[in-house]
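S.K.: Quick check, what structure comes out for this input:
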Amino acid sequence: MGPRRGWRGACGMQGDERFPMRMRTTLAFVAIAVLLAAGPVWAHHSMVVQFSLEKPITLRGTVTTLMWMNPHSWIYIDVTGPERQVEKWRIETGSLPRMIRRGLKKTDFKPGTEIIVGGYAARDGQLKAAGMVVTFPDREATGREASFGLGR
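M.R.: Here you go, the predicted model:
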């Protein structure tokens, strides 16, 4: 009977080597890829965590700033409250590709543009909302398409 090789010898491994170098390198790359992919997933959040479906809201205001970016854009608007005080609201939109597919462009939200936004208010009482639909009153008056989904 010859020398006993066991499973290591049958796999071509020598000495104490448990995993061949190629396997260790592959496992290292897979681990790094998983860690890198987990960052964006972990950072993303569900809409219902921040915004309450039990707090529907309609805001009519004037655009002050637009942050056109992924994963969500932000529309900043000044809304005049019931006592004529100006409230500065932040509206979170859906993804850029969805907004663009629905016909919206960055140039639609120029400072000074009046808009009406329907959505859901923040759970924590901050002046922010998850925008679901936007309407442009000036377009409505001229008979053009005026209401668009905000990419949700």
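
S.K.: And the longest strand anywhere in the chain, how far out from the chain middle?
M.R.: Determined from DSSP state E, the single longest strand within the chain is strand 51-67. Distance, stretch centre to chain centre, for strand 51-67: 16 Å (CA atoms, centre = their mean, to the nearest Å).

S.K.: just checking, what packs against that strand?
M.R.: strand 74-80, strand 86-92, strand 114-122, strand 128-135 (3 or more CB pairs under 8 Å, 6 or more residues apart in numbering; DSSP states H and E). To be clear about C-beta, it is placed using only N, CA and C from the backbone, and glycine gets the same treatment.

S.K.: With mean neighbour count, distance to Glu145 and mean pLDDT as added columns, please give the ones you listed in CSV.
M.R.: Converted to CSV, the helices and strands packed on strand 51-67 look like this (neighbours: other CB atoms under 10 Å; distance: least, CB to CB, whole Å; pLDDT from 0 to 100):
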stretch, mean neighbour count, distance to Glu145, mean pLDDT
strand 74-80, 18, 18, 98
strand 86-92, 18, 20, 97
strand 114-122, 19, 14, 97
strand 128-135, 22, 10, 96
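
S.K.: Sketch out the low-pLDDT regions of the protein for me.
M.R.: 1-21, 23-24, 26-45 (pLDDT under 70).

S.K.: got a list of contacts for the longest strand of the chain?
M.R.: 73-80, 88-89, 91-92, 106, 109-123, 129-130 (CB atoms under 8 Å, 6 or more residues apart in numbering).

S.K.: Just list the residues touching Gly131, thanks.
M.R.: Applying CB under 8 Å, 6+ apart, the residues near Gly131 are Ile75, Ile91, Glu92, Thr93, Val117, Gly118, Gly119, Leu150, Arg152.

S.K.: measure it to Tyr120 for me?
M.R.: 9 Å (CB to CB, to the nearest Å).

S.K.: Then Pro137?
M.R.: Taken as CB to CB, the span from Pro137 to Tyr120 is 21 Å.

S.K.: what's the answer for Arg84, then?
M.R.: Counting by CB to CB - Arg84 and Tyr120 are separated by 25 Å.
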